[in-house]
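> Any chance you could fold what I've pasted below:
(one chain, ligands or ions: 1)
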Amino acid sequence: MSEHFQNLNDFPNGKTIKEMRKYAQTNKIPVLNDDGLALMLQLVDLVKPKHFLEIGTAIGFCVINVATACDGVVIDTIEKNNEMYQEAVKNVEAAKMTDRIRISLGDALEFDTSKIDYRFDIIFIDAAKAQYVRFFEKFSPFLAEDGIIVSDNLLFHGLVEKDARIENRNLRSLVDKIRDYNVWLSKQKDFKTLFLAIGDGMAVTRRLK
Ligand SMILES: C[S@@+](CC[C@H](N)C(=O)[O-])C[C@H]1O[C@@H](n2cnc3c(N)ncnc32)[C@H](O)[C@@H]1O
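This is a model prediction of the structure:
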């Protein structure tokens, strides 16, 4: 983000958030970047979610920002990596938000949805990029009528747009899957999606009435 905008934007800036930012940089943890965070916080400000679901917690950076910016929100977030989960638990405790942020350890695709008896106003998909269609299909039935789904990393460092062949087979397959997700998302008849070249490429999807 431009330094000028950075200085003008009023991001949450508590002690835990500052420490998490530093930790993510030092340990190369891919948390939401400043542009992505700016968009997310603006969406949160507009939607004023009561329930927020994040798929892919990492160290809890995004959810602690969201909970700081939105008093009334209750957040569910799912993380499959135990080390990340432990770090996120520590950060949520340090931020004194254990009553508002519930972290589940496990693969989001195996998450037991039978106990969800409420609807999410915002669902943030930010986990394994190759699984985005499956995440969307599993969790979109739990989206509130006026809710939105935000997906991140849809340009994947600019690789999704590059025509040049990517040598590495695994990387090529991953990039193809992200491109396929973007096209698939754009064709969902019950949803309308806006694709934005913000951060690493983000999409904001809403259900059509
Ligand atoms: C990009 S990071 C999340 C960053 C976080 N949303 C933020 O902005 O602060 C992606 C995280 O998703 C987790 N992850 C990947 N696949 C997952 C899955 N199937 N279920 C749950 N978590 C998963 C990874 O372990 C990683 O910590």
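> can you list the residues that contact the longest helix that the chain contains?
Counting residues, the longest helix in the chain under DSSP state H turns out to be helix 169-186. Contacts made with helix 169-186 from outside it, assessed by CB atoms under 8 Å, 6 or more residues apart in numbering, are listed as 129-130, 132-133, 136, 151, 153-154, 156, 159-160, 165-166, 191, 193, 195, 203, 205. Glycine gets a C-beta too; all of them are placed from N, C-alpha and C.
> Next step: the residues you listed restricted to helices.
Taking DSSP H, the ones among the contacts of helix 169-186 that sit in helices are 132, 133, 136.
> hang on, isn't the first one packed against residue 126?
What that stands for is residue 132. No: using CB atoms under 8 Å as the test, residue 132 is too far from residue 126 to be in contact (9.6 Å).
> what's the residue of the chain found nearest the ligand in contact with, if anything?
Distances from the chain to the ligand, computed as CB to the nearest ligand atom, single out residue 56 as the nearest residue at 2.8 Å. Residue 56 makes contact with 77, 78, 79, 108, 125, 126, 127, 128 under the criterion CB under 8 Å, 6+ apart.
> residues touching the third one, list them.
In other words, residue 79. Taking CB under 8 Å, 6+ apart as the criterion, residue 79 is in contact with 56, 57, 58, 85, 88, 103, 104, 105.
> Which phi and psi values does it adopt?
Backbone geometry at residue 79, expressed as degrees, to the nearest 10, gives phi -130, psi 130.
> who's it bridged to?
Beta-bridge partners for residue 79, by DSSP bridges, are residue 105.
> start the count at 284, not 1, going forward
Will do, 284 is the new start, and the previous item becomes residue 362.
> near the ligand, anything from the longest strand along the chain?
The strand of greatest length in the chain, counted in residues with DSSP state E as the criterion, is given as strand 426-434. No: counting by CB under 6 Å from any ligand atom, the ligand has no neighbours in strand 426-434; the shortest distance is 10.2 Å.
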